[in-house]
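>>> got a sequence here, can you model it:
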Amino acid sequence: MADLRNYQTRVGAPAARADASIDQGLRAYMIRVYNLMALGLAITGFAALGTMMLATTGDPSAAVATLGNGKMLTNVGLAIYGSPLRWVVMLAPLALVFFLSFRVHKMSVSAAQTTFWAYAALVGISLSSIFLVYTSASIVQTFFVTAASFGALSLWGYTTKRDLSGMGSFLFMGLIGLIIASVVNIFLASSALQFAISAIGVLVFAGLTAFDTQQIKEMYYEQDDDVVAGRKAIMGALRLYLDFINMFMFLLQFLGNRN
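Modelled structure (predicted):
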């Protein structure tokens, strides 16, 4: 009788310990992903601010060019924003993110992490031009709106019991449509089309934030070694970083006050 009464306890205890171990490992893995993403965003922000400080000046005697909105450029600013070097600044992050995506499985964790930091810095240099277009106050405001929205959406993607995998193909099609529409609007310069692109872009990357969070969570495997787990965390951080940056840029087109 004693054996029967204690049977469930003896069987259930190892299972409970295993579940607790998985939950603890998953939490540590997700915290690592979010920390990597947050550090990437910090690097991007400091790189953008540092580039803008080098590119602009308040001293007319040190300026080599003056923009229509009164911003005065230094030699560094003229090189970054007004010479062929601007194409390198624009395209270098794209090249590096493709390199990281395709090579991460063959890289060490430290090399992959360094590449991610370098990518975040290049994005910051590329995005520094938003300080020429939008007021600093509206950039800060949009950042906090994006952070709050991203946090809520990512939390929902992590906690929901609903399978979001069906959203993947729909969101991918929306992303392709955004890219095509953006290229077309380079030639049309339509404000109405740009408004539609911004609205759809916010919705697409809002959905991708929740979708990617759930996918990153499902990538976790308790038996992964340190190298595999490290690579997964870096790629997960990269996906969430891209969702945040793109959501921020599309929201800035709505909320940003232009200089």
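>>> CA atoms for contacts and neighbours, from now on please.
Noted.
>>> show the contacting residues for Val76.
Residues near Val76 by Cα atoms under 8 Å, 6 or more residues apart in numbering: 54-55.
>>> next: the one 5 residues further on.
For Tyr81, the residues meeting the contact criterion (Cα under 8 Å, 6+ apart) are Ser129.
>>> tell me the mean pLDDT over the helix or strand where Gly77 lies?
In this structure, Gly77 sits in helix 75-82 according to DSSP states H and E. For helix 75-82, mean pLDDT is 90.
>>> give me the contact list for the next helix or strand after that helix.
Using DSSP H and E, the helix or strand that follows helix 75-82 towards the C-terminus is helix 85-103. Contact with helix 85-103 is made by 79-80, 112, 115-116, 119-120, 122-123, 125-126, 235, as judged by Cα under 8 Å, 6+ apart.
>>> restrict those residues to the buried ones and give me that as a PyMOL selection.
Buried residues among the contacts of helix 85-103 (16 or more other Cα atoms under 10 Å), as a PyMOL selection:
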select buried, resi 80+112+115+116+119+120+122+123+125+126+235
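>>> next secondary structure after the worst-scoring helix or strand of the chain on mean pLDDT?
When the helices and strands of the chain are scored by mean pLDDT, DSSP states H and E, helix 2-55 comes last with a mean of 75. Following helix 2-55 in sequence order, the next helix or strand is strand 56-57 (DSSP H and E).
>>> what pairs with the helix or strand just after that next one, parallel or antiparallel?
Using DSSP H and E, the helix or strand that follows strand 56-57 in sequence is strand 65-66. When pairs are called by DSSP bridges, strand 65-66 turns out to pair with strand 72-73 (antiparallel).
>>> can you tell me what sits against the strand it pairs with?
Taking Cα under 8 Å, 6+ apart as the rule, strand 72-73 contacts 55-58, 60, 63-67.
>>> switch to 7 Å and redo it
Residues outside strand 72-73 that contact it (Cα atoms under 7 Å, 6 or more residues apart in numbering): 55-58, 63-66.
>>> ok, those vs Gly256, which is closest?
For the contacts of strand 72-73, the residue nearest Gly256 by Cα to Cα is Thr56; the value is 20.2 Å.
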